[in-house]
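*Asks:* sharing a model prediction with you, sequence too.
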Amino acid sequence: MRLITHNMLQCHAKGCDPSQSYPLELKEVQLESLDAEYSEDFIRRLIPKLDWNVLVHTAFALGVAELPKELPDVQDEAFLRKVHQVALETRVKEAQMVCNGCGHVYPIKDGVPNMLLQDNEV
Amino acid sequence: MSRPEHTAPPEIFYNETEASKYTNNSRIVSIQNEMSYRALELLALPEGEPAFVLDIGCGSGLSGEVLDEEGHFWVGLDISDSMLEVAKEREVDGDLFLQDIGQGLGYRPGTFDGAISISVLQWLCNADKTVNNPRARLKRFFSTLYSALARGARAIFQFYPENPDQIEMIISSAMRAGFTGGLVVDFPNSAKAKKYYLCLFAGFKDNAGSSPALPKALGEGDETPGHITYGSNRIRERRKGKEQRKPVKDKNWVLRKKELNRTRGKEVPADSKYTARKRKIKF
Ligand SMILES: C[S@@+](CC[C@H](N)C(=O)[O-])C[C@H]1O[C@@H](n2cnc3c(N)ncnc32)[C@H](O)[C@@H]1O
Ligand SMILES: [Zn+2]
């Protein structure tokens, strides 16, 4: 799972408090970097869709990058490439992904989060 | 032949043996490839722009590889561990999730620019466990998918309906979740080539009147598929005409990626003259 997807992902357990189901907290994390084709177009369209605070916090907590707390008014290429690197070239390989709403732990193994719920969670 | 959905739940049916059989069968590969291109064509994403796409029931990544080739970023969901394992081996670029779509999706509103699903939906209609009520699962799936899609985005499902009642159950569930759209049947007069594509539009819940028209089906006359250019060719021809878009992943990029993986100690196939060649699609 790349950080772009983590930025979009929320808990889908039934009855989970919607005000607490996002973001999922990453614990015991092992990261991996990968190569992704850079598209300025895509990043420009992506930025307004991101939860910027969550991206800044996640990137910092995982030691990936220090992004500006506020979205800069002028978004030059260096900035866009930074976002590209954080969102599209950083992958969570191993982790425990914890929902602070219902406490469900979604384990991530070899890059793949296990999103399966128990029968009583659907 | 009995339908696989009747034999076992998907996570059991698609075990290790089935997963490797599936992906090593060149006939299956070319059919899935073909249908994925057709779905992508029906998805009608803005031309030449990489999009963020959901692949529902991505399996071993055959459909996802088409998204890779077209330069899209994608997220793939599948309930079968073994199928995902093969997808990993094939080094698809999408983010893979082990997930039962009947339990619903958890994405912030408007996340995806589009969704495709190839040969999956019929599985959701099966009560393979006592706790699995198809109507409830379809409802949960479509309503959470609706919210995960950007307004104006489409979701295209190629599937194998078992009977008209099943089609009716699926469509009414999708409409109740807010989707507009309907069924496109390609080659309706050819027993072999006939294919069902459910085309759903998000964002027209309260103004169904302005929902786009349903795309035209292929081969509605007497033509056989041999006389029709399929989606993949059409997409490529269109691309060629316009601004000569450079392949999103050119050979150097693939070589770079392989080199990177090698340095990380991953096992990587040796480079050959076939490396990064576009796979040809056979009909
Ligand atoms: C025929 S395969 C198609 C795979 C891929 N889309 C392709 O075209 O090659 C069907 C896939 O649907 C998946 N599937 C079936 N039911 C599912 C469910 N409830 N949730 C997620 N995936 C499911 C199966 O595990 C299997 O990988
Ligand atoms: Zn939760």
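*Replies:* Right, received. Where do you want to start? Ligands and ions are numbered 1, 2, ... in the order given.

*Asks:* after whichever strand or helix holds residue B:144, which helix or strand is next? Please name it.
*Replies:* If you go by DSSP states H and E, residue B:144 is part of helix B:134-148. Using DSSP H and E, the helix or strand that directly follows helix B:134-148 along the chain is strand B:149-159.

*Asks:* who does that next one pair up with?
*Replies:* strand B:112-118 (parallel), strand B:195-201 (antiparallel) (DSSP bridges).

*Asks:* which residue ranges of chain A form strands?
*Replies:* Counting by DSSP state E, chain A has strands at residues A:25-33, A:90-98, A:105-109, A:112-113.

*Asks:* tell me the contacts of residue 5?
*Replies:* Using chain A. Neighbouring residues of residue A:5 by CB atoms under 8 Å, 6 or more residues apart in numbering or on different chains: B:75, B:95. Just so you know, the C-beta spots here come from the backbone N, C-alpha and C atoms, and that holds for glycine as well.

*Asks:* try again with chain B
*Replies:* Going by CB under 8 Å, 6+ apart, the list of residues near residue B:5 reads B:13, B:122-123, B:125-126, B:128, B:162.

*Asks:* among these, which ones are buried?
*Replies:* Buried subset of those (neighbour count, 16 or more other CB atoms under 10 Å in any protein chain shown): B:13, B:122-123, B:125-126, B:128.

*Asks:* the residues you listed: which two are farthest apart?
*Replies:* Pairwise distances across the buried ones among the contacts of residue B:5 peak at 14.6 Å for B:13 and B:125 (criterion: CB to CB).

*Asks:* could the contacts of residue B:5 be laid out in TSV, adding distance to residue A:31, pLDDT and secondary structure?
*Replies:* Below are those laid out as TSV (distance: CB to CB, whole Å; pLDDT from 0 to 100; DSSP: H, G, I helix; E, B strand; the rest coil):
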residue	distance to residue A:31	pLDDT	secondary structure
B:13	34	94	helix
B:122	38	96	helix
B:123	34	95	helix
B:125	40	92	coil
B:126	38	85	coil
B:128	37	69	coil
B:162	44	94	coil
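
*Asks:* chain neighbours aside, what residue packs nearest to residue 49?
*Replies:* Assuming you mean chain A. Excluding its sequence neighbours, the residue lying closest to residue A:49 (CB to CB, 6 or more residues apart in numbering or on different chains) is residue B:110, at 6.8 Å.

*Asks:* oops, I was thinking of chain B
*Replies:* Sequence neighbours aside, residue A:41 is the residue nearest to residue B:49 in space, at 5.8 Å (criterion: CB to CB, 6+ apart).

*Asks:* tell me how far the residue of chain A found nearest chain B lies from residue B:146.
*Replies:* Across chain A, no residue is closer to chain B than residue A:12, which sits at 3.1 Å (CB to the nearest CB). Using CB to CB, to the nearest Å, we find residue A:12 at a distance of 14 Å from residue B:146.

*Asks:* give me the buried stretch members for stretch A:50-58, please.
*Replies:* Here stretch A:50-58 shows A:50, A:52, A:54-56, A:58 as buried, counting by 16+ other CB under 10 Å.
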